[in-house]
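>>> One predicted model, sequence on top.
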Amino acid sequence: MIPRQGRPDHPARERRGRRGPYRAVICDLDGTVYRGGRPLPGAVEALARLRAAGTRVLFVSNNPTRTAASYADRLRTLGVDAAPADVLTSGAVVVDWLLAQAPGARVLLVGEPSLHAELAERGIALVDGGGDADVVVVSFDRTFDYRKWMEAFRALRGGARFVATNPDPTCPVDGDEVPDCGGIIAALEASAGRRVEVVVGKPSPVMARAALDRLRVVAHEVLVVGDRLETDVSLGARNGLDTALVLTGVSRRADVPSAVDQPTYVLDDLAAVPSLVVSGPAGGRGD
Ligand SMILES: [Mg+2]
């Protein structure tokens, strides 16, 4: 069926034909729903319209420094109906990964107190100092210093597994950006002479699987919406999900032609998503 909605901005480089109808949306937060603590124009209304049409929405963030409950509180403050179960963070996914793939492991965390607490609450054994760690978990850590670097270095040199929450080189903050987990991974790779084994956040298949399980849908029923080509769009493109890049955050329209993974749609903002999901592109819902 011929798509009626969404602009095929770069048809020659589109990854695949559009599918849908979409029963669920995996929605990025920063740069997609809000920016600088304020909702983006039309975003709150768009999410309400999606929910009213029966579309499941899962908010997915690579930022492990806030819990799902914290994000849900923030969304409700902005006027978006959200419960902790509606939010998936790279921190929660790394906990699930540890419990499934390294049960009983002693973990050295390079991370902030909030993620430390999240791991501890879910029964992960955390160690201070790197000597006896089975797994090193690296994350976005604004308290990263030479002591932490040395501890993680020693654990990795000692044979610990090497896992990270998210690959982002930077994190957008109020119109600026700050160094994120990607730089800490690089520091450890360079010093320890090891490559990171698993990075669970977007665009990883670990995150895609976790999101689909949470939504209880299959890949072709999902649209990933986000502002970053290398995380949001690649999450979809590499895991069989259609994607909509929104131009309210990091990535620009001019970035699309050279992107490794091409979005299915390029949209001005989240406000353009409901008509795509609810009414089109594959002939509407409930057909
Ligand atoms: Mg974003």
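All right, it came through fine. Numbers count the residues shown, from 1 in each chain.
>>> Next, count neighbours for the residue in the stretch 101-250 of the chain positioned nearest to the ion.
Of all residues in the stretch 101-250 of the chain, residue 227 sits closest to the ion, at 4.4 Å by Cβ to the ion. To be clear about C-beta, it is placed using only N, CA and C from the backbone, and glycine gets the same treatment. The number of residues packed near residue 227 is 26, by other Cβ atoms under 10 Å.
>>> which residue packs closest to it, ignoring adjacent ones?
residue 249 (2.6 Å; Cβ to Cβ, 6 or more residues apart in numbering).
>>> How much space separates the one you found from residue 91?
21 Å (Cβ to Cβ, to the nearest Å).
>>> Compare neighbour counts for those two and give me the winner.
residue 91 (30 against 22).
>>> Verify the contact between the more buried one and residue 118 for me.
Yes - using Cβ atoms under 8 Å, residue 91 is in contact with residue 118, at 5.3 Å.
>>> where do the contact lists of these two overlap?
residue 67 (Cβ atoms under 8 Å, 6 or more residues apart in numbering).
>>> returning to that earlier point: can you read off the pLDDT for the residue of the stretch 101-250 of the chain closest to the ion?
Predicted confidence (pLDDT) for residue 227: 96.
>>> in terms of contact, does it touch residue 253 like I think?
No - here residue 227 lies out of contact with residue 253, judged by Cβ under 8 Å, at a distance of 11.8 Å.
>>> Need the overlap of contacts for these two.
residue 247.
>>> that older thread, what residues does the residue nearest to residue 227 make contact with?
Contacts of residue 249 were listed using Cβ under 8 Å, 6+ apart, and they are 28, 30, 31, 32, 35, 172, 226, 227, 228.
>>> So residue 276 versus residue 225, what's the distance?
When distance is defined by Cβ to Cβ, residue 276 is 9 Å away from residue 225.
>>> neighbour-wise, which of the two wins?
residue 225 (32 against 25).
>>> can you confirm the more buried one is in a helix?
No - Residue 225: not assigned to a helix; according to DSSP: H, G, I helix; E, B strand; the rest coil it is strand.
>>> check contacts around it.
Applying Cβ under 8 Å, 6+ apart, the residues near residue 225 are 25, 26, 27, 28, 32, 232, 243, 244, 246, 270, 273.
>>> want to try TSV for those, with secondary structure as columns?
Putting the contacts of residue 225 into TSV (three-state DSSP) gives the following:
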residue	secondary structure
25	strand
26	strand
27	strand
28	coil
32	coil
232	helix
243	strand
244	strand
246	strand
270	helix
273	helix
